[in-house]
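> following is a predicted model, sequence given first.
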Amino acid sequence: AFFASKVEHESKHCNGKGFQRLGSSAFDRVYTANQNCGHAYPTFLAVLWCAGLLCSQAPAAFAGLMYLFVRQKYFVGYLGERTQSTPGYLFGKRIILFLFLMSMAGILNYYLIFFFGSDFEIHIKTITNAISPLLLIP
């Protein structure tokens with residue numbers, strides 16, 4: 001909602017009337033940042049749910065909150081110069097990778113239980129709980 005309101009505000013500020021695609025470079029930056037964030041959310045939601053369901057909910061929720069904060073930083077950075085958005089983009093990519101690896105660990109554990117009867121759920125949860133604070137390191 002914050003991103004959409006920024007696009008609407010910039011559109012009205014630049015053109016003086018309703019939403020139009022043609023505008024200033026400031027409007028183009030806001031519109032592009034909004035589109036980039038919108039295109040990234042389906043992937044984020046998929047890996048967040050998979051990591052929470054298949055592996056561990058607490059580290060997945062922590063990574064999800066961090067991702068929302070990072071996307072906000074990306075969006076605000078994109079409003080300035082495009083190079084200011086790079087740290088937010090790279091940080092978000094690292095969080096998505098962490099959630100994906102959590103999902104893969106959960107799937108691997110399921111198959112280990114199914115085929116060999118070995119359950120490593122406690123070990124996986126311990127590792128993800130220990131690694132999730134490392135996401136705070138820029």
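In hand now; what should we look at? Numbers count the residues shown, from 1 in each chain.

> now for the helix or strand containing residue 88, which elements pack on it?
Element membership of residue 88 [criterion: DSSP states H and E] is helix 86-116. Judged by 3 or more C-beta pairs under 8 Å, 6 or more residues apart in numbering; DSSP states H and E, the packing partners of helix 86-116 are helix 25-54, helix 57-79, helix 121-131. All C-beta spots, glycine's among them, are computed from the backbone N, C-alpha and C.

> list the buried residues of that helix.
Across helix 86-116, burial judged by 16 or more other C-beta atoms under 10 Å covers 88-89, 91-92, 94-96, 98-99, 102-103, 105-106, 109.

> dump these into JSON lines; add distance to residue 137 and pLDDT as well.
As requested, the buried residues of helix 86-116 are exported to JSON lines (distance: C-beta to C-beta, whole Å; pLDDT from 0 to 100):
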{"residue": "88", "distance to residue 137": "15", "pLDDT": "83"}
{"residue": "89", "distance to residue 137": "16", "pLDDT": "85"}
{"residue": "91", "distance to residue 137": "10", "pLDDT": "90"}
{"residue": "92", "distance to residue 137": "14", "pLDDT": "90"}
{"residue": "94", "distance to residue 137": "9", "pLDDT": "93"}
{"residue": "95", "distance to residue 137": "12", "pLDDT": "94"}
{"residue": "96", "distance to residue 137": "16", "pLDDT": "95"}
{"residue": "98", "distance to residue 137": "12", "pLDDT": "94"}
{"residue": "99", "distance to residue 137": "17", "pLDDT": "95"}
{"residue": "102", "distance to residue 137": "18", "pLDDT": "93"}
{"residue": "103", "distance to residue 137": "22", "pLDDT": "94"}
{"residue": "105", "distance to residue 137": "21", "pLDDT": "93"}
{"residue": "106", "distance to residue 137": "24", "pLDDT": "92"}
{"residue": "109", "distance to residue 137": "26", "pLDDT": "90"}
